[in-house]
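1. Mind looking at a prediction? Sequence and model below.
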Amino acid sequence: EKKASEVGISKDYVEQEENRYYSEHYDTWYIKDCFTIIARKGQEIHTGDVIKVIGARPSPEELSTAHYIMISDMEEPKVKEDGVELGCIRHEFPNNDKSDME
């Protein structure tokens, strides 16, 4: 929640029940569908370029995660509604493997 407000996500969005979930594993609240900007408009990315973004699943019991590839005309997109989905990368995790959380 704190990080969401630091990057400018509105308090109204954060407080809506459908936009948040609690992770008992990390003992913290998370906000759903937030943008992580990996390239800005006009920035060139070439074949073979590698851009790494670390994501984490909320608990060892979660067996998969989905990371959506989005595009937005906005300078500072904040949430999923600020863009258009181009694709999705899904990652499967072995059941309850606490050593493989990212």
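-> On my side now, so go ahead. Numbers count the residues shown, from 1 in each chain.

2. tell me, what residue is most central in this protein?
-> The centroid of the chain falls nearest to Cys34 when counting by Cα atoms, centre = their mean (5.3 Å).

3. Which residues are in contact with the closest residue to that residue other than its chain neighbours?
-> Distance criterion Cβ to Cβ, 6 or more residues apart in numbering; nearest residue to Cys34, sequence neighbours excluded, is Val79 at 5.9 Å. C-betas here are computed from N, CA, C, even on glycine. Val79 is in contact with 9, 13, 19, 33-35, counting by Cβ atoms under 8 Å, 6 or more residues apart in numbering.

4. for those, which one is nearest Ser99?
-> Cys34 (26.0 Å; Cβ to Cβ).

5. just checking, that closest one touches Ala4?
-> Yes - using Cβ atoms under 8 Å, Cys34 makes contact with Ala4 at a distance of 6.4 Å.

6. picking up where we left off before, max pairwise distance over the contacts of Val79: which two?
-> Asn19 and Phe35 (13.3 Å).

7. which stretches of the protein form helices?
-> Using DSSP state H, the helices assigned to the chain run over residues 2-6, 11-15.
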